[in-house]
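*Asks:* Generate a structure from the sequence data that follows.
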Amino acid sequence: MSFLQATVRCSLTALFLGLCLQLCIGQDDKNRKPLVLKMSPIPSVKRSEQWEVRCNVSTEARECVPMLIYTTTDSATNCAYKEYVYKACICPGDSARNFYWDMCSQNDVTVNCKAVTILEKGICEYGYVPVTRYIAKANQTYTPSD
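*Replies:* Predicted coordinates for the structure are as follows:
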C-alpha cells in the first residue's frame, strides 16, 4: 500500500512541476513578433499643408532588436518631403518608441510605415537578436480637404 501512495505522490509532484515549467516558459518564441508597428491616423488638412506622420514601434522579442524604420508613399507627394530612414534599437521592457516625419501632398496618397529587422552590429548596445529578416507594415491614406 505504501508503494502505491509513493507512486501517486511522485506523479502529482511531477504533474505540478510540469505545470510550473509551462507557466514559467510562457509564450512560445515562434509566436513572438520582433517588431510590432502602429501608425497614427493622418489628420484632415488642406492641400499642400504639412502634416505629421507618427509610427510607434514595440517588440515582443526577448532580446534587443536593431531595426530600420522608414516611410514610403504610393505616389509623389508634390512637396518638399525628405525621405528619412531611422536606425534604432528596441529592447524588451522598453516603452514603445515613436518616430516622426513631416509630409504634405496636393493629391490623395497612401503613406506606408515600415520597420525592418537588420543584422547589424553597433546599433544595439547589448548585442542583437539573430532573427531572420522581419518586416512590419502599417499604412494610412491621406485625402486632402478643400
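
*Asks:* Surely residue 44 is in a helix?
*Replies:* No: Residue 44 is assigned coil when assessed by DSSP: H, G, I helix; E, B strand; the rest coil, not a helix.

*Asks:* got the phi/psi numbers for it?
*Replies:* Dihedral pair for residue 44: phi -80, psi 110, per degrees, to the nearest 10.

*Asks:* can you count the residues close to it?
*Replies:* 11 (other C-beta atoms under 10 Å). C-betas here are computed from N, CA, C, even on glycine.

*Asks:* For it, give its distance to residue 100.
*Replies:* To residue 100, residue 44 is 19 Å away according to C-beta to C-beta, to the nearest Å.

*Asks:* Also residue 69?
*Replies:* Computed as C-beta to C-beta, the residue 69 to residue 100 distance reads 10 Å.

*Asks:* Could I get the contacting residues of residue 118?
*Replies:* 66-68, 87, 133 (C-beta atoms under 8 Å, 6 or more residues apart in numbering).

*Asks:* which of the residues you listed sit farthest apart?
*Replies:* Maximum pairwise distance in those, criterion C-beta to C-beta, is 15.2 Å, between 87 and 133.

*Asks:* So between these two, which is more surrounded?
*Replies:* Set residue 87 next to residue 133 and count neighbours by other C-beta under 10 Å: residue 87 wins out with 13 against 9.

*Asks:* Do I have it right that the more buried one meets residue 123?
*Replies:* Yes: contact criterion C-beta atoms under 8 Å: residue 87 and residue 123 qualify, at 5.7 Å.

*Asks:* and residue 59, how many neighbours?
*Replies:* Residue 59 has 26 neighbours, counted by other C-beta under 10 Å.
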